[in-house]
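1. Pasting a predicted model and its sequence here:
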Amino acid sequence: MTDDTFDVFLSHNSKDKPAVRQIAKALKARGLRVWLDEWELIPGRRWIPALEKAIQAAKTAVVMVGENGFGPWEQPEYEGALSQFVDRGLPVIPVILPGAPEKPKLPLFLTGFTWVNLRGGVTKTGIDRLVWGITGEKPTEEGVLPHSTAPRLHNLPFSPLGDLLKGRDEELQRLQEGQTTAITQAQTIHGLGGIGKTRLAIEYAWRSGSQYDTAFFVVAETPETLHSNLANLARPDWLNLPESKAPAQEETVAAVLRWLREHDRWLLILDNVDTQEAKEGVLKVLPSLSTGRVLITSRLREWPPSVQRQPLETLSLDEAQRFLLERTARDRTRSEDDPAQARRLAEDLGGLPLALEQAAAYIVHHQMSLSEYLEDWQHEREQVLNWYGGSVMQYPASVAVTWQKTFQQLSPTAASILRLTSYLAPDPIPSEMFEKGTSIVEEAIGLWCAETGAQPDDQSVKAAIAELSAYSMVTREGPNFMVHRMVQDALRSKIPEERRRDWIEHSLRLVNRFSPFESDDVRTWPT
């Protein structure tokens with residue numbers, strides 16, 4: 001085999017490139033040699049000979065079928081090129097991409113081949129099947145987490161979601177791999193409130209019964225609740241320790257920590273470690289928790305090197321759409337345009353799991369259609385944001401109140417900047433706009449302090465944006481940052497009616513000051 005040989009040739013329409021690029025990277029991560037035009041076509045060279053050479057050198061052809069039709073050639077050339085693989089007896093694998101129609105029209109010569117269906121998202125299971133087709137080696141079940149095999153002894157607060165857990169295959173796999181590869185056994189799942197950190201940790205626990213004998217869920221939102229809930233594990237129906245009846249809580253906590261030190265094969269989930277005070281409390285007990293596995297859920301991004309970090313992002317539109325359709329399948333009023341309405345709603349909610357669950361629960365509770373919910377969302381957004389159905393939701397609060405505790409912890413400068421962003425497009429927001437508009441930011445801080453009674457601080461704009469990032473309220477991307485649209489909705493809903501005009505005007509002035517006056521000068525166009 002020469003260096004010019006490729007394991008797989010990817011054929012695709014350029015409009016489908018984001019999904020194809022994701023698949024190509026996943027295949028390369030498995031050690032396969034991938035031909036993808038943007039990686040292999042040299043600028044300034046003739047591309048047709050390069051394509052022909054790649055086709056001759058590749059061992060497998062993968063045909064990407066998306067919502068935009070077939071590959072970059074005219075149909076006869078396309079079929080002719082791929083027919084070479086068939087004539088040579090090499091595999092040709094049709095892959096159905098996210099967004100493809102339910103029954104895609106395939107060229108006749110492709111209809112006899114087994115598909116790999118990635119319509120629901122580029123998941124590990126789907127990539128496993130694709131690698132199987134390319135290499136001929138069937139993936140083993142080792143490391144795959146089953147759906148419901150909780151440890152023998154546990155106090156997990158929610159039942160497993162099973163197939164309703166969407167878009168988290170890779171995250172579950174990383175948690176699984178962290179069990180055997182971590183230098184330390186402490187790991188934090190961090191991200192925005194409502195992103196699904198707790199649900200992911202609990203689902204991992206439900207699927208890990210073969211690895212742990214016990215799994216304990218401990219709310220640790222303050223040092224006091226951490227110690228109280230650790231002490232609670234000593235009770236007769238859990239660890240059944242004699243110290244459960246000790247008069248001093250410290251004695252009971254010490255007994256629980258001693259039990260954890262003397263045993264292994266346990267999983268401890270420390271939940272809601274969302275403040276610096278709670279974080280310090282957890283870091284004090286971590287040295288006593290080195291023989292088992294500790295998962296920490298937190299909105300805080302910054303942790304010491306002794307704690308592995310796993311960020312959690314929003315769901316893709318495809319996964320969010322699937323969740324809405326499946327979660328409401330039995331109770332919503334059905335319509336032919338449900339898939340389109342679910343996708344529109346998934347986009348409006350920004351793929352945030354809490355918002356998706358709240359919307360689905362609202363639809364189920366009222367037995368309404370997706371289009372009816374969208375109408376309520378557009379016209380009565382504040383009421384919908386505040387709705388909470390504890391009997392049908394497995395979340396402790398609504399979207400509207402989820403971030404209130406974090407909002408209250410922010411410095412006046414950080415809180416003012418965040419509120420100013422609530423009237424901007426969610427991304428990208430240039431940090432420079434705030435750094436150049438410090439006088440407007442200072443006026444906004446004055447508005448905030450007059451409303452809340454807080455005292456102004458002397459924090460710089462740069463430090464305030466770093467604070468927002470540390471609390472996962474914004475996501476940094478180079479010189480820009482993003483704010484989730486649901487955070488913006490929640491922020492706007494909490495501004496007193498009589499003060500909204502002031503905040504809108506300050507946001508507008510900030511944008512106007514940053515916007516170049518010479519709009520006909522091409523040098524100003526990027527800004």
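-> Thanks, I have the structure now.
2. switch to C-alpha atoms for all contacts and neighbour counts from now on
-> Will do.
3. All the helices of the stretch 1-150 of the chain, residue numbers only.
-> 17-29, 37-40, 47-57, 75-87, 124-135 (DSSP state H, counting those that start in this stretch).
4. tell me the most buried of these?
-> helix 124-135 (a mean of 18; mean count of other C-alpha atoms under 10 Å).
5. Counting by contacts, list what that helix packs against.
-> helix 17-29, strand 116-117, helix 169-181 (3 or more C-alpha pairs under 8 Å, 6 or more residues apart in numbering; DSSP states H and E).
6. Dump those into JSON lines; add mean pLDDT as well.
-> JSON lines is the format used below for those (pLDDT from 0 to 100):
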{"stretch": "helix 17-29", "mean pLDDT": "81"}
{"stretch": "strand 116-117", "mean pLDDT": "80"}
{"stretch": "helix 169-181", "mean pLDDT": "72"}
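7. so which of those gets nearest Arg509?
-> helix 17-29 (36.1 Å; C-alpha to C-alpha).
8. which other helices and strands contact that closest one?
-> strand 34-35, helix 124-135.
9. Any chance of JSON lines for the helices and strands packed on helix 124-135, columns distance to Pro242?
-> Below are those laid out as JSON lines (distance: least, C-alpha to C-alpha, whole Å):
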{"stretch": "helix 17-29", "distance to Pro242": "51"}
{"stretch": "strand 116-117", "distance to Pro242": "55"}
{"stretch": "helix 169-181", "distance to Pro242": "31"}
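10. can you tell which of the ones you listed is closest to Val474?
-> Of all the helices and strands packed on helix 124-135, helix 169-181 comes closest under C-alpha to C-alpha, at 20.9 Å.
11. Next, the buried residues of the helix or strand following that closest one.
-> Toward the C-terminus, helix 169-181 is succeeded by strand 186-190 as the next helix or strand (DSSP states H and E). Within strand 186-190, the residues that count as buried by 16 or more other C-alpha atoms under 10 Å are 186-190.
12. quick one: which of these is nearest Val8?
-> Of all the buried residues of strand 186-190, Val8 sits closest to Ile189, with 34.8 Å by C-alpha to C-alpha.
13. Sketch out the strands for the stretch 151-300 of the chain, chain order is fine.
-> Secondary structure of the stretch 151-300 of the chain (DSSP state E, counting those that start in this stretch): strands located at 153-154, 186-190, 214-219, 266-271, 293-298.
14. JSON lines please, covering those strands and showing distance to Lys462 and mean pLDDT.
-> Below are the strands of the stretch 151-300 of the chain laid out as JSON lines (distance: least, C-alpha to C-alpha, whole Å; pLDDT from 0 to 100):
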{"stretch": "strand 153-154", "distance to Lys462": "44", "mean pLDDT": "90"}
{"stretch": "strand 186-190", "distance to Lys462": "22", "mean pLDDT": "92"}
{"stretch": "strand 214-219", "distance to Lys462": "33", "mean pLDDT": "94"}
{"stretch": "strand 266-271", "distance to Lys462": "30", "mean pLDDT": "95"}
{"stretch": "strand 293-298", "distance to Lys462": "23", "mean pLDDT": "94"}
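15. Ok, which of those comes nearest Leu10?
-> Nearest to Leu10, of all the strands of the stretch 151-300 of the chain, is strand 186-190, at 34.3 Å by C-alpha to C-alpha.
16. The closest one to strand 293-298, inter-axis angle?
-> 30 degrees (axes from the mean of the first three to the mean of the last three C-alpha atoms, to 10 degrees).
17. And strand 186-190, what does it pack against?
-> Using 3+ C-alpha pairs under 8 Å, 6+ apart: strand 186-190 touches helix 197-206, strand 293-298, strand 308-311.
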